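>>> Below are the sequence and a predicted model for it; my questions follow.
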Amino acid sequence: VELYNISNPDYSNASDKVPDEVKNYKAPEDLSYKLSDFTFYLYGTTYTMPLPVSRLVESGWVKAAVSDKYVLPGETLEGAIKLTRSNRTITFDVKNLADYPTTVENCFITSIESKSSVKLDFTLAGGCRVGSSQSNFEAVFDKKDFSTVTEKNGKTTYVYENEDKGKLTVVCSEGYISKIKVEM
């Protein structure tokens, strides 16, 4: 019996080195009222997208499960990490923004979502969160600042999109925010 060492050339340059994109991440001091800043408050800390996995871990999130797979440059890995905080376990997809294969911990979270069925301690400027009134949301953020606003079947969906940074979606049902999603 002959054994061969088969290696994947895509991972031959894999590294645990922290990418500059992660090192240079600066969390905002305060929530911004400008949609283009993509700021949000999550369990005691203010962040902006794109958000490095390591920043959540540094602020108290605990790793419940992590894929041991290296993530290729530009690749998005679904369900790559589960983090726990305040009795909530959330599975995140991640994307590698470095130009070499790296670990999940050196990647960026691609989206965070709070909805009526899974409320997180997730807040936008002006105290806007799932359960807040639509009138408060509209008092804080001007409709004209969104890329699109659609009304259908008693729901109003507000979408702000910035090709370089990401997308913010807020859905209001029956006069209250029922979903907030920030994604890159």
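Arrived safely, thanks for sending. Predicted, not measured: the structure shown is a model, and the values here were computed from it.
>>> Against Thr39, how distant is Glu29?
10 Å (C-beta to C-beta, to the nearest Å). Using the backbone N, CA and C atoms, a C-beta is placed for each residue, glycine as well.
>>> Could you tell me which residues touch both of these two?
Taking C-beta atoms under 8 Å, 6 or more residues apart in numbering as the contact rule, Glu29 and Thr39 both touch Thr46.
>>> Comparing these two, which residue is more hemmed in?
Using other C-beta atoms under 10 Å as the criterion, Glu29 and Thr39 rank with Thr39 on top: 22 against 8.
>>> Surely the more buried one is in contact with Tyr33?
No - taking contacts as C-beta atoms under 8 Å, Thr39 lies outside contact range of Tyr33: 9.0 Å.
>>> can you list residues touching both of these two?
By C-beta under 8 Å, 6+ apart, the residues touching both Thr39 and Tyr33 are Ala125.
>>> List the buried residues of stretch 142-160.
Phe146, Thr156, Thr157, Tyr158, Tyr160 (16 or more other C-beta atoms under 10 Å).
>>> quick one, strands of the chain?
Using DSSP state E, the strands of the chain run over 39-42, 45-48, 51-52, 62-66, 76-85, 88-95, 108-109, 111-115, 122-123, 148-152, 155-162, 166-173, 176-183.
>>> mind checking which of those strands is nearest Ser132?
With C-beta to C-beta as the measure, strand 176-183 is the member of these nearest Ser132 (4.9 Å).
>>> any idea of the mean pLDDT in the closest one?
For strand 176-183, mean pLDDT is 96.
>>> Stretch 24-40 now?
Here the average pLDDT along stretch 24-40 is 93.
>>> which residues touch it?
Taking C-beta under 8 Å, 6+ apart as the rule, stretch 24-40 contacts 41, 45-49, 51-52, 55, 112, 122-126, 140-141, 145-146, 160, 162, 165-166, 168, 180, 182.
>>> Could you rerun that using 6 Å?
For stretch 24-40, the surrounding residues in contact (C-beta atoms under 6 Å, 6 or more residues apart in numbering) are 41, 46-49, 52, 124-125, 145, 160, 162, 165-166, 182.
>>> Please pick the buried ones from these.
Tyr41, Thr46, Tyr47, Thr48, Met49, Pro52, Leu124, Ala125, Tyr160, Lys165, Gly166, Val182.
>>> Distance to Val94 for those - can I get that in CSV?
Formatted as CSV, the buried ones among the contacts of stretch 24-40 follow (distance: C-beta to C-beta, whole Å):
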residue, distance to Val94
Tyr41, 21
Thr46, 21
Tyr47, 15
Thr48, 16
Met49, 13
Pro52, 9
Leu124, 23
Ala125, 26
Tyr160, 23
Lys165, 17
Gly166, 14
Val182, 15
